[in-house]
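Visitor: Sequence plus the predicted model coming up.
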Amino acid sequence: MSDITVTQELDCRGLNCPMPIMKTKKAVDGLSSGDVLKMVATDPGSANDMIAWAKRTGNELVKTEEGNGEFVFFVKKK
């Protein structure tokens, strides 16, 4: 994880679809191009949602991690 410089972190634990994606969109909208958002969610559906959202918006899903019931996403703003 040391190779990724995180600009902002977003805690979406305990939120269900579509809230993690909506909050991620709002957070990414506030970033500059090239900035990285780290988002943590507990909703199992967030994995597929984040892949689809990144593809649709053109933002890069740099890395994903899963463990202990948490899903961690690193999104680089286009």
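Guide: That came through, no problem.
Visitor: switch to C-alpha atoms for all contacts and neighbour counts from now on
Guide: Will do.
Visitor: check which helix or strand covers the residue lying closest to V75 once chain neighbours are set aside.
Guide: Nearest non-adjacent residue to V75, counting by CA to CA, 6 or more residues apart in numbering: L61, 4.6 Å away. Assigned by DSSP states H and E, L61 belongs to strand 60-67.
Visitor: elements contacting the helix or strand that comes right after that strand?
Guide: Following strand 60-67 in sequence order, the next helix or strand is strand 70-76 (DSSP H and E). Packing partners of strand 70-76 (3 or more CA pairs under 8 Å, 6 or more residues apart in numbering; DSSP states H and E): strand 36-41, helix 46-57, strand 60-67.
Visitor: The strand holding L61 to strand 36-41, inter-axis angle?
Guide: Computed with axes from the mean of the first three to the mean of the last three CA atoms, to 10 degrees, the direction of strand 60-67 lies at 40 degrees from that of strand 36-41.
Visitor: Report the buried residues of strand 60-67.
Guide: By 16 or more other CA atoms under 10 Å, the buried positions in strand 60-67 come out as E60, L61, T64.
Visitor: Export those as a markdown table, with columns for pLDDT and distance to V36.
Guide: Shown next, in a markdown table, are the buried residues of strand 60-67 (pLDDT from 0 to 100; distance: CA to CA, whole Å):
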| residue | pLDDT | distance to V36 |
| --- | --- | --- |
| E60 | 97 | 9 |
| L61 | 97 | 9 |
| T64 | 96 | 13 |
